[in-house]
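Novice: Okay, structure incoming, though there's no sequence with it:
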């Protein structure tokens, strides 16, 4: 057992709520409770149909409509609102499921998540305390999405944070000041009850939030629908589609099966990663996975993953107080800080050295990188359709959680076998899928794949086109092959200075010799297999990667343009459907293909070289960086021009040859003039 694991096991922590937050959430609203009156109070605040009377709430909160939705003293507001919340919860508790659906279901459709909110009511009525938190997680995510849809009826850019969304003039004008004040008190800023954030960031132990607040929130949602009938015409945004990211994730871990769950259950009871009071959430998550309720499984796991990592963060950075919710004047310790390279005071965050790059890359891919699934952000803001969460996503998150449970196991991990051992091995070898640099590598592979098909493009023989051969213009009456050979020589030399032991050289493929592509491509793929650092890279490096990705994207588009045009023209030529000028243009295209092909091959080589030397950027002088950026921007302009001039409506092949010859010259001059010594790449 590691030292960190031992320290985690020694942490005594019944609650993750700080003293003041716990007092506001768990005590203020429960003081001076009169159990005998709570069942008879509901009619003071509710209609016969079980929705809220906002006029009564103005009196409760001592608020007039002229004051707006601003709440200045949340502790006082909570103490005043609490008796109402108790009455609402008591009212809900005495309704049968059928009565509840009859009264509330019609008023939930405005959200676009009627079924999810009905589930929230059902979860609230069970005896399982984890279901209460699950109800809160689901309700706050769905409500935030629904409120954003309503905002967009009159607004333009929807605020990204719930507290900012609740403060908008647009929502106040639609729902009224009193309704928005109630939402501010329950799910508003850190000084409020702030139930959304303390639930989603994993601070709540089972049963820690009084049920009455969740009941009240759900009835607020139904009341908004009942009293604002035009909301039923609101246009709902389409849920986010994570299919592209899932295609990548499903290759990482095998999808867990129900038969794997006993092993997982054994692991979660053998780890110090999980705070004992949080164990019911983990048990419930496994139960939900077994029931194929993958959305609920996800909602339960994500806050617990953050909670476990926050404990590790607090131990390795020697700041045990950061395990608790912060007060209203201090930011919570969330994934953002846990995975940041530095702490708030600018000192080093030791999480990276504690976990190692592979574990960090797993987390950054899942939670942070903009083009990754960012599953916690999307789920917590209601951007995912929880009813259609696939098994592969829930399984991936469960495997990530399992890996950390194994890493901080309280017993000898050598006794682990099967699934747990396999997951641990996968994580230890993990390489980023969604970091911009990893995506650049994928773009290079895609470009190579596209270019490889050029050798299969059908074309007439030179004899068949003899009468249509164009006369070369003065601009292209040179030997492009010699220029290309000079360029490939200097780029190969630069690549060998990065990887001195690597052989053989890459030579440009000849379209008339199919096997020559393999001679070109094999070294490219070997170079691309070299690991490149992706954790905590400097801004300049990421800007370079962005530029290289644009170069590859345009190179691939140009390649596809040319292939598509070549296939179409060949078919038209064989069917004798080309007029004289079209045949001449087709012949000009065929005459240009090898030159353009050489240019694109060199662009790929240049991209690979700059990819392998990303780690050297910080050591370059400012003038060298400017020359490098200027060269790459000129390369980008070249491939952008190729995209334009090879499109179906352009077909300017002489200009393409001229552009390519100029680009090849620039490559040779750049590598010669800058005497690229290529320091060893940082692997």
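Specialist: Sure, I can see it. Predicted model, so just to flag it, every value in this text is computed and none were measured.
Novice: which residues touch stretch 295-306?
Specialist: The contact list for stretch 295-306 (Cβ atoms under 8 Å, 6 or more residues apart in numbering) reads 130, 133-134, 137-138, 141, 199-202, 204, 274, 278, 281-282, 284-286, 288-289, 334-335, 338, 375-376, 379-380, 384, 386-389, 393-394, 397-398, 400-401, 404. The C-beta positions use only the backbone N, C-alpha and C, and glycine is treated the same way.
Novice: Out of these, which end up buried?
Specialist: Neighbour counting with 16 or more other Cβ atoms under 10 Å marks 130, 133-134, 137-138, 141, 199-202, 204, 274, 278, 281-282, 284-286, 288-289, 334-335, 338, 375-376, 379-380, 384, 386, 389, 393-394, 397-398, 400-401, 404 as buried within those.
Novice: Tell me where the stretch 401-550 of the chain has helices.
Specialist: Taking DSSP state H, counting those that start in this stretch to define them, one finds helices in the stretch 401-550 of the chain at 418-428, 436-452, 480-498, 516-528, 539-574.
Novice: now those in a markdown table, with mean neighbour count and mean pLDDT?
Specialist: Shown next, in a markdown table, are the helices of the stretch 401-550 of the chain (neighbours: other Cβ atoms under 10 Å; pLDDT from 0 to 100):
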| stretch | mean neighbour count | mean pLDDT |
| --- | --- | --- |
| helix 418-428 | 18 | 90 |
| helix 436-452 | 20 | 96 |
| helix 480-498 | 18 | 84 |
| helix 516-528 | 17 | 91 |
| helix 539-574 | 19 | 92 |
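Novice: Out of these, which gets nearest to residue 229?
Specialist: helix 436-452 (46.6 Å; Cβ to Cβ).
Novice: what's the angle from that closest one to helix 539-574?
Specialist: Orientation check (axes from the mean of the first three to the mean of the last three Cα atoms, to 10 degrees): helix 436-452 against helix 539-574 gives 20 degrees.
Novice: Low-confidence ranges, the stretch 251-400 of the chain, go.
Specialist: Within the stretch 251-400 of the chain, the stretches with pLDDT under 70 are 326-330.
Novice: And the helices in it, which stretches?
Specialist: 261-268, 279-290, 294-316, 335-338, 351-355, 357-367, 375-380, 391-407.
Novice: Figure out which of the ones you listed is closest to residue 218.
Specialist: Taking the helices of the stretch 251-400 of the chain one by one with Cβ to Cβ, helix 294-316 is closest: 16.1 Å.
Novice: Give me the angle between that closest one and helix 391-407.
Specialist: Going by the same axes, to 10 degrees, helix 294-316 makes 30 degrees with helix 391-407.
Novice: Using JSON lines, lay out the helices of the stretch 401-550 of the chain together with distance to residue 124.
Specialist: Below are those laid out as JSON lines (distance: least, Cβ to Cβ, whole Å):
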{"stretch": "helix 418-428", "distance to residue 124": "34"}
{"stretch": "helix 436-452", "distance to residue 124": "42"}
{"stretch": "helix 480-498", "distance to residue 124": "61"}
{"stretch": "helix 516-528", "distance to residue 124": "53"}
{"stretch": "helix 539-574", "distance to residue 124": "45"}
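Novice: which one of those lies closest to residue 5?
Specialist: Closest approach to residue 5 among the helices of the stretch 401-550 of the chain is made by helix 418-428 (14.0 Å; Cβ to Cβ).
Novice: now the angle between helix 261-268 and the closest one, please.
Specialist: 60 degrees.
Novice: quick one: helix 418-428 to chain centroid distance?
Specialist: Mean-position distance between helix 418-428 and its chain equals 23 Å (Cα atoms, centre = their mean, to the nearest Å).
Novice: And stretch 161-170, by the same measure?
Specialist: 23 Å.
Novice: What residues of it count as buried?
Specialist: Buried, per 16+ other Cβ under 10 Å, within stretch 161-170: 162, 163, 165, 166, 167, 168, 170.
Novice: Of those residues, just say which sits nearest to residue 639.
Specialist: Using Cβ to Cβ, residue 165 comes nearest to residue 639 of these, at 41.7 Å.
Novice: separation between the closest one and residue 199?
Specialist: 17 Å (Cβ to Cβ, to the nearest Å).
Novice: now swap in residue 563 and tell me
Specialist: 52 Å.
Novice: name the helices or strands packed onto the host helix or strand of residue 22?
Specialist: Using DSSP states H and E, residue 22 sits within helix 19-22. Applying 3 or more Cβ pairs under 8 Å, 6 or more residues apart in numbering; DSSP states H and E, we find helix 19-22 packed against no helix or strand.
Novice: next one: it to chain centre, how far?
Specialist: 32 Å.
Novice: let's have the chain start at 15 instead
Specialist: Shifting the count to begin at 15 puts that one at helix 33-36.
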